[in-house]
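[1] kindly generate the corresponding structure for this input.
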Amino acid sequence: MLGQAPNIPPHDLWAGPPPAHATLGYTAGLFNSLAAAGATLTADRVYLVPAVVSRVGTYSGISLHVDTGVASSNARVGIYADGGAGRPGALIEEAGTLTPTTTAFYDIVFGGGNRTLAPGLYWLALLADTNGASATWEQRSMDTAQPIAMYQGGTGFSSRFAGFVSQAYASGLPASIGALTYTGKILNLTLKVAA
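    Next up is the predicted model:
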């Protein structure tokens, strides 16, 4: 009928990535391409990047790629809930540690077992020790066409969607995150879909 909205169930209006994304084993991110160069980090900083879960899903951990490893290096990874206004809040889980000594993909399994996450915005975190910060971590470029780009507004989207807070590596990930210092380092951290 003319002037009448099509009969589309509400959940189909924003269904997120097509179902095939789960068959790849990883969530689709907010990023459109690999960055031209990897990132070296500063030790004792928790680097955070956003991850959108568009439908209920079960995840086994967090994955990342190290472009160039460094001997005797260590890093911790975890996941935070969104604290509102597109900023990280409370720690959901410190997933575990990795030793990024070689160029490789790393899958860090949640210590408490698989996690079912509701749709929403989450934050993936990485905290490296002195040697771990010297490794080269894979980065991504921001896709500014994604709806999340409206959370922070302004310009320079890629630098407004990744940030850090200071935290000693020995202390582990903090229980909650306050204000971020924004950075252009958008690490390629992804949630791994449970098998």
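[2] dump the residue contacts of A179.
    Contact analysis of A179 by CB atoms under 8 Å, 6 or more residues apart in numbering lists R87, V165. From N, CA and C alone the C-beta is placed, and that goes for glycine too.
[3] 10 Å instead, please
    When contacts are counted by CB atoms under 10 Å, 6 or more residues apart in numbering, A179 touches R87, G163, V165.
[4] measure it to A85 for me?
    The spacing between A179 and A85, counted by CB to CB, to the nearest Å, is 11 Å.
[5] ranking the contacts of A179 by neighbours, who comes first?
    When neighbours are counted by other CB atoms under 10 Å, G163 leads the contacts of A179 with 24 neighbours.
[6] pLDDT wise, what is the residue lying closest to it once chain neighbours are set aside at?
    Nearest residue to G163 in three dimensions, chain neighbours excluded: L180, at 3.1 Å (CB to CB, 6 or more residues apart in numbering). Listed pLDDT for L180 reads 86.
[7] and if you look at Y122?
    Looking at Y122, the pLDDT reads 91.
[8] and S60, by the same measure?
    As predicted, S60 sits at a pLDDT of 92.
[9] what about it, neighbour count?
    By other CB under 10 Å, the residues close to S60 number 19.
[10] so it sits right up against D107, yeah?
    Yes - taking CB atoms under 10 Å as the contact criterion, S60 and D107 are neighbours in contact, 7.8 Å apart.
[11] show me where this structure has its strands.
    For the chain, the strands defined by DSSP state E cover 31-34, 45-53, 57-68, 75-84, 87-98, 104-109, 115-117, 120-128, 136-137, 140-142, 163-166, 181-182, 190-193.
[12] got a pLDDT number for V46?
    Listed pLDDT for V46 reads 93.
[13] and the one 4 residues further on, by the same measure?
    In this prediction, P50 carries a pLDDT score of 86.
[14] I'd say it and Y182 touch.
    No - counting by CB under 10 Å, Y182 is not a contact partner of P50; they are 12.0 Å apart.
[15] and the two? Which one has more around it.
    Applying other CB under 10 Å to P50 and Y182 shows that P50 carries more neighbours, namely 25 against 15.
[16] roughly how far apart are that one and V77?
    Computed with CB to CB, the distance linking P50 and V77 is 15 Å.
[17] ok, R87 next?
    Noted for R87: a distance of 19 Å to V77, by CB to CB.
[18] and the closest residue to T101 other than its chain neighbours, what does it touch?
    Ranked by CB to CB, 6+ apart and with sequence neighbours excluded, the top spatial neighbour of T101 is G69, at 4.4 Å. Taking CB under 10 Å, 6+ apart as the criterion, G69 is in contact with T99, P100, T101, T102, T103, A104, Y106, N131, G132, S134, A135, T136.
[19] only whichever of those are buried, select them in ChimeraX.
    Selection command for ChimeraX covering only the buried members of the contacts of G69, criterion 16 or more other CB atoms under 10 Å:
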select :99,100,101,106,131,132,134,135,136
